[in-house]
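Undergrad: sequence? don't have it. structure:
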């Protein structure tokens, strides 16, 4: 039975979460994050929305998985805000665009609102922009890893096989890639603009720092071991950003 102050899907209460949260797509990254946190406690695994809380350098931090796409990312941000989280940092993956290359850490300075979820919160004229202080912390922590760092605008969209990837249509993909390059976009994903808008609507801070794990030109991917190591560095950078 859900209690009055319990988040609907995350099944967490205000006492169980910190004021800072990391949100990730892959639930495996939550389990990876628990290896970096002190006194980590797994709070929820229902519907794959795996959530844990622990401490990092004395700061209580919650890590939640949302899976894929703007609708469920918005649910997780909304529920975290409702139980007391004040800062949300998205740590995930993007497809390269423009100047970004495989293995880069990509910091969002804003996002094109190509998804539909955020319209339920604020009109399309409202910009999808991050909290600048949290973004500065994320960018500094990313640069401290020694990995290449890109900054700029993301393009967020709902349709993976229509808006982000035209598999089996090289000419269509080249056209899409050229369009993003002309817009000076540095990464494409399915969540960031919604995360920014929902956070603004609910009066909390948000930022997005992602690993470029798929090449937007030919869909080549980081190999498994380099990707795991880069994801570990991404998580460490996120924790350092929130502890700064």
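TA: The structure has been received and is ready for your questions. Predicted, not measured: the structure shown is a model, and the values here were computed from it. Numbers count the residues shown, from 1 in each chain.
Undergrad: report the central residue of this protein.
TA: residue 90 (2.7 Å; C-alpha atoms, centre = their mean).
Undergrad: am I right that it is in a strand?
TA: Yes: assigned with DSSP: H, G, I helix; E, B strand; the rest coil, residue 90 falls within a strand.
Undergrad: do you have the strands of the protein handy? List them.
TA: Secondary structure of the chain by DSSP state E: the strands cover 20-24, 38-44, 51-56, 59-65, 87-96, 105-114, 149-157, 185-189, 205-214.
Undergrad: now do the fifth one: distance to the chain's middle.
TA: Okay, so that is strand 87-96. How far strand 87-96 lies from its chain's middle: 3 Å, per C-alpha atoms, centre = their mean, to the nearest Å.
Undergrad: neighbouring strands of that strand in the sheet, and parallel or not?
TA: Strand pairing for strand 87-96, determined by DSSP bridges: strand 20-24 (parallel), strand 185-189 (antiparallel), strand 205-214 (parallel).
Undergrad: what is the mean pLDDT for the second one?
TA: This means strand 185-189. Computed over strand 185-189, the mean pLDDT rounds to 98.
Undergrad: next: the longest one.
TA: Here strand 205-214 scores 97 as its mean pLDDT.
Undergrad: what does the first one give?
TA: What strand 20-24 shows for mean pLDDT is 98.
Undergrad: nearest to residue 222, out of the strands paired with strand 87-96?
TA: Residue 222 sits nearest to strand 205-214 of all the strands paired with strand 87-96, at 5.1 Å, using C-beta to C-beta. For every residue, glycine as well, the C-beta is placed using N, CA and C.
Undergrad: low-confidence ranges in this structure?
TA: The chain contains residues with pLDDT under 70 at 1-2.
Undergrad: longest helix anywhere in this structure?
TA: helix 224-243 (DSSP state H).
Undergrad: sorry, back to before: in JSON lines, list the strands of the chain along with distance to residue 8.
TA: Shown next, in JSON lines, are the strands of the chain (distance: least, C-beta to C-beta, whole Å):
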{"stretch": "strand 20-24", "distance to residue 8": "16"}
{"stretch": "strand 38-44", "distance to residue 8": "11"}
{"stretch": "strand 51-56", "distance to residue 8": "13"}
{"stretch": "strand 59-65", "distance to residue 8": "13"}
{"stretch": "strand 87-96", "distance to residue 8": "17"}
{"stretch": "strand 105-114", "distance to residue 8": "25"}
{"stretch": "strand 149-157", "distance to residue 8": "24"}
{"stretch": "strand 185-189", "distance to residue 8": "25"}
{"stretch": "strand 205-214", "distance to residue 8": "20"}
